[in-house]
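A.B. asks: Sequence below, structure please.
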Amino acid sequence: MKRIHRFQRRERPVPKDCGFCKNKTEPDYKEATGLLRFITERGKLLGRSRTGICSKHQRHVTREVKRARFMALLPFVVRA
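C.D. replies: Next up, the predicted model:
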C-alpha cells in the first residue's frame, strides 16, 4: 500500500481519451461556456494532465481561450 504524506496531493483519475477526438469536433472561441471547463475559477488555463485532452487539442483550446478573452467572451482575471 502506498503511503501518502500529510502534504502530498492525491492523484485524481482523469479520463485519458480526448473528448474532441472522440466527437470529431474542434474547440471554438464562440462557445465560451464550453471553454469554461478548461480554465479554473480564477481564470487560469488547466493543463493536459488535468483536462485529459490530447496535446493537439490542448494547443487549440489555449488559442481559443485567448481569442475568447480578447473578444470579451471570457474574463482575463476573476476578482475574488
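
A.B. asks: for the lowest-mean-pLDDT helix or strand in the chain, which positions count as buried?
C.D. replies: None of the helices or strands of the chain scores lower by mean pLDDT, DSSP states H and E than helix 48-51, at a mean of 89. For helix 48-51, a neighbour-count test (16 or more other Cβ atoms under 10 Å) marks T51 as buried. For glycine as for every other residue, the C-beta is placed from the backbone atoms N, C-alpha and C.

A.B. asks: Past it, which element shows up next along the chain?
C.D. replies: Following helix 48-51 in sequence order, the next helix or strand is helix 55-70 (DSSP states H and E).

A.B. asks: Just the mean pLDDT for that next one, thanks.
C.D. replies: For helix 55-70, the mean per-residue pLDDT is 96.

A.B. asks: What is it packed up against?
C.D. replies: Contacts defined by 3 or more Cβ pairs under 8 Å, 6 or more residues apart in numbering; DSSP states H and E place helix 55-70 against helix 19-23, helix 32-35, helix 48-51.

A.B. asks: contacts for stretch 50-69?
C.D. replies: By Cβ atoms under 8 Å, 6 or more residues apart in numbering, the residues outside stretch 50-69 that reach it are 12, 14-21, 26-30, 32, 35, 37-39, 45, 47-48, 74-76.

A.B. asks: filter the residues you listed to the buried ones?
C.D. replies: Neighbour counting over the contacts of stretch 50-69 (16+ other Cβ under 10 Å) leaves 18, 20, 27, 29, 32, 35, 38-39, 74 as the buried ones.

A.B. asks: rewinding a little: adding distance to Q58 as columns, could you present the helices and strands packed on helix 55-70 in CSV?
C.D. replies: Output for the helices and strands packed on helix 55-70, formatted as CSV (distance: least, Cβ to Cβ, whole Å):
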stretch, distance to Q58
helix 19-23, 10
helix 32-35, 12
helix 48-51, 5
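
A.B. asks: Could you export the least confident helix or strand of the chain as PDB, CA atoms only?
C.D. replies: Provided in PDB are the C-alpha atoms of helix 48-51 (Å, rounded to 0.1, in the frame of the first residue of the first chain):
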ATOM      1  CA  ARG A  48      -3.400  18.400 -20.200                       C
ATOM      2  CA  SER A  49      -2.900  16.200 -17.100                       C
ATOM      3  CA  ARG A  50      -6.000  17.800 -15.500                       C
ATOM      4  CA  THR A  51      -8.300  18.100 -18.600                       C
END
